[in-house]
Each structure stands twice: as structure tokens, then as C-alpha cells.
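1. Next one to model:
(one chain, ligands or ions: 2)
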Amino acid sequence: MNLFSFLKKNQSLYEINEITKMCNSGINHSNVYERIEVFDEEVTEELSQNYKNILQVLGEDVSREGLNKTPERVAKAMQFLLQGYKTDPVEILRSAMFKEDYRQMVIVKDIEIYSMCEHHLLPFFGKAHVAYIPNGTITGLSKIARVVDVFARRLQVQERLTSQIKDCIQDTLKPLGVAVVIEAQHLCMQMRGIQKQHSITTTSDFTGAFQKDATRDEFIKLISTKFS
Ligand SMILES: Nc1nc2c(ncn2[C@@H]2O[C@H](COP(=O)(O)OP(=O)(O)OP(=O)(O)O)[C@@H](O)[C@H]2O)c(=O)[nH]1
Ligand SMILES: [Zn+2]
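-> Ligands and ions are numbered 1, 2, ... in the order given. Okay, here's the model as predicted:
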């Protein structure tokens with residue numbers, strides 16, 4: 001099987017990772033988790049031209065050594081940072097759903113997030129804590145973190161990011177409840193504008209059982225507990 005025969009336009013990094021795993025299985029296990037970055041040539045070219053113009057308008061000499069490859073680097077960086085549009089998060093969850101009669105809280109906490117503020121195109125970053133109470137079906141733990149990544153790697157506001165993760169898990173797994181808390185620092189509030197260096201924004205969204213005080217309190221207590 002030739003890996004590169006699969007590398008079609010618009011294929012997400014997630015899909016390419018999966019293909020890489022398939023291609024390498026039984027051939028060379030040391031490369032199974034190799035990450036391959038593939039960028040759309042036309043998009044890269046067009047973005048590069050635009051970033052070149054931006055640098056020129058900002059008064060930079062784009063032909064100087066340090067900058068001559070910068071438009072292309074930024075074009076690729078932006079495609080990486082916004083790759084979340086190309087992956088279906090429902091498909092990710094569905095790829096690892098298992099029948100299991102466990103009806104207690106499952107929490108994946110401290111999932112690091114890097115997202116982009118849709119107002120200033122500056123990063124916001126921090127941690128997501130996600131919990132659900134299965135109703136006969138569980139999902140692979142890594143899939144929860146993958147879903148977080150897919151929504152984070154888009155232009156976002158923190159509130160929408162929080163709710164999209166919650167809705168996706170609720171609608172796909174149909175658990176007894178979902179809880180999502182995100183704590184993040186916004187560079188648009190630190191590097192510019194109001195320039196507050198230490199403010200953290202917390203957003204939360206809950207469904208089902210987590211709307212009851214006792215369940216929500218247990219979740220908050222568990223995500224606040226530090227492992228030593
Ligand atoms: N609710 C919310 N607001 C955000 C988020 N990220 C950035 N913002 C805010 O978006 C707002 C945009 O406000 P504007 O007044 O249009 O933009 P601005 O003139 O650059 O505002 P300042 O940042 O106050 O200088 C700012 O208050 C930002 O702090 C987010 O994830 N959620
Ligand atoms: Zn912003």
C-alpha cells in the first residue's frame with residue numbers, strides 16, 4: 001500500500017495519522033505514530049502571497065534572509081492551527097464506541113488546548129476538563145481529547161468551544177450527562193488591548209445529570225484535585 005496514494009487534497013492530519021498507522025502496521029512499528037504534515041499547495045501559495053503583502057504593508061523587506069521564507073511558514077502554520085474544520089468530530093467518537101455497563105462519572109481532565117480567537121486571530125490556550133456519565137456506551141479516552149482538539153483548531157470564542165464539545169459528546173454518545181470546563185488565557189487580553197497578564201477565563205457547560213448540584217459539585221471537586 002502506498003501512503004502517498006492516499007494523500008488527497010483536504011485530508012485532515014487526523015485522517016493522515018490514521019492512514020500512516022495503517023500503512024505502517026506490520027511493516028515498521030517504530031513509525032506507527034509518526035506525524036505527517038500535509039498542506040494544500042494552492043492554499044499555501046495563495047496564503048503566502050497574502051502574508052507577503054501584509055509584511056510589505058507593515059514596512060518589512062520581505063527579501064531579507066530572515067523573512068524570505070516567512071510567508072510560506074506562516075501559511076503552513078495557519079493551516080495547521082485551523083485544521084479542525086477538516087475533521088468530523090462525530091466520526092472520531094464513533095470510531096471507538098463500546099458497549100459497557102459502567103454508569104459512573106468518567107473524567108478526562110487537564111487536556112491542553114490551543115485555539116485562535118476569532119476577533120483578533122491571536123491564540124488563547126489553557127486546559128479543558130471533560131466528563132460524561134455513560135448510559136450503556138463508552139468511548140475511547142483519547143477520542144475525547146481528539147474531539148477537544150478538532151473544535152479548538154478553529155477560529156473560536158471560548159464559550160462556543162465549550163458548548164460545541166459538550167453538544168458533540170451528548171449527541172453522539174447519548175450519555176446521562178456531559179460536563180465541560182475550560183480555563184484559558186487570551187493573548188488578545190495580554191499582549192495588546194487591556195494587557196492583563198494574569199486573568200484566566202473559565203467557561204462551563206453541563207447537560208443531564210450534571211445539572212444537579214451534587215453531581216456537578218463532585219465533578220468540580222475531582223477536577224480540582226491534584227495528583228501528587
Ligand atoms: N466572550 C468572549 N470574548 C472574547 C473572546 N476572545 C476575545 N474576546 C473579546 O472580544 C471583544 C472584541 O471587542 P471589540 O471592542 O470589538 O474589539 P477591541 O476593540 O479589539 O477590544 P479590546 O480587546 O477591548 O481592545 C474583546 O472584548 C475581547 O476581549 C472569547 O473567547 N469570548
Ligand atoms: Zn481576541
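
2. so the residue nearest the centre of the chain is in which element?
-> Central residue of the chain (C-alpha atoms, centre = their mean): D149, 1.5 Å from the mean position. Taking DSSP states H and E as the definition, one finds D149 inside helix 141-152.

3. Give the next helix or strand downstream of that helix.
-> The first helix or strand that comes after helix 141-152 along the chain, using DSSP H and E, is strand 155-156.

4. and that next one, how far from the chain's centre?
-> 11 Å (C-alpha atoms, centre = their mean, to the nearest Å).

5. which helices and strands sit right next to that strand?
-> Here strand 155-156 touches strand 106-117, going by 3 or more C-beta pairs under 8 Å, 6 or more residues apart in numbering; DSSP states H and E. Just so you know, the C-beta spots here come from the backbone N, C-alpha and C atoms, and that holds for glycine as well.

6. Go ahead and name everything in contact with the strand it packs on.
-> Residues from elsewhere that reach strand 106-117 (C-beta atoms under 8 Å, 6 or more residues apart in numbering): 81-82, 122-134, 138, 141, 144-145, 148-149, 152-158, 161, 182, 184, 186-188, 219, 222-223.

7. what angle do that strand and helix 141-152 make?
-> Strand 106-117 runs at 20 degrees relative to helix 141-152, counting by axes from the mean of the first three to the mean of the last three C-alpha atoms, to 10 degrees.

8. and strand 106-117, is it in reach of ligand 2?
-> Yes: legend: contact between strand 106-117 and ligand 2 by C-beta under 5 Å from the ion is shown at C117.

9. next SSE after that strand?
-> In N-to-C order, the element after strand 106-117 by DSSP H and E is strand 123-133.

10. the strands in this structure, which residues?
-> For the chain, strands defined by DSSP state E occupy the ranges 97-99, 106-117, 123-133, 137-139, 155-156, 177-186, 201-206.

11. what would those look like in CSV with mean pLDDT and mean neighbour count?
-> CSV is the format used below for the strands of the chain (pLDDT from 0 to 100; neighbours: other C-beta atoms under 10 Å):
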stretch, mean pLDDT, mean neighbour count
strand 97-99, 98, 10
strand 106-117, 98, 18
strand 123-133, 98, 22
strand 137-139, 98, 20
strand 155-156, 98, 18
strand 177-186, 98, 22
strand 201-206, 98, 16
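
12. In contact with D171, which residues are there?
-> By C-beta under 8 Å, 6+ apart, D171 lies in contact with V90.

13. One more: L187?
-> Going by C-beta under 8 Å, 6+ apart, L187 touches C117, H120, L122, P123, F124.

14. which among those residues are in contact with ligand 1?
-> C117 (C-beta under 6 Å from any ligand atom).

15. Out of the contacts of L187, which comes closest to ligand 1?
-> C117 (4.2 Å; C-beta to the nearest ligand atom).

16. Roughly how far does the closest one sit from L81?
-> 11 Å (C-beta to C-beta, to the nearest Å).

17. any common contacting residues for those two?
-> Common contacts of C117 and L81, defined by C-beta under 8 Å, 6+ apart, comprise P123.

18. these two touch, right, Q158 and D205?
-> No: if you go by C-beta atoms under 8 Å, Q158 and D205 don't touch, sitting 10.8 Å apart.

19. Distance to N68 for the strands of the chain - can I get that in JSON lines?
-> Formatted as JSON lines, these follow (distance: least, C-beta to C-beta, whole Å):
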{"stretch": "strand 97-99", "distance to N68": "49"}
{"stretch": "strand 106-117", "distance to N68": "25"}
{"stretch": "strand 123-133", "distance to N68": "25"}
{"stretch": "strand 137-139", "distance to N68": "46"}
{"stretch": "strand 155-156", "distance to N68": "28"}
{"stretch": "strand 177-186", "distance to N68": "32"}
{"stretch": "strand 201-206", "distance to N68": "38"}
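
20. All set now, cheers.
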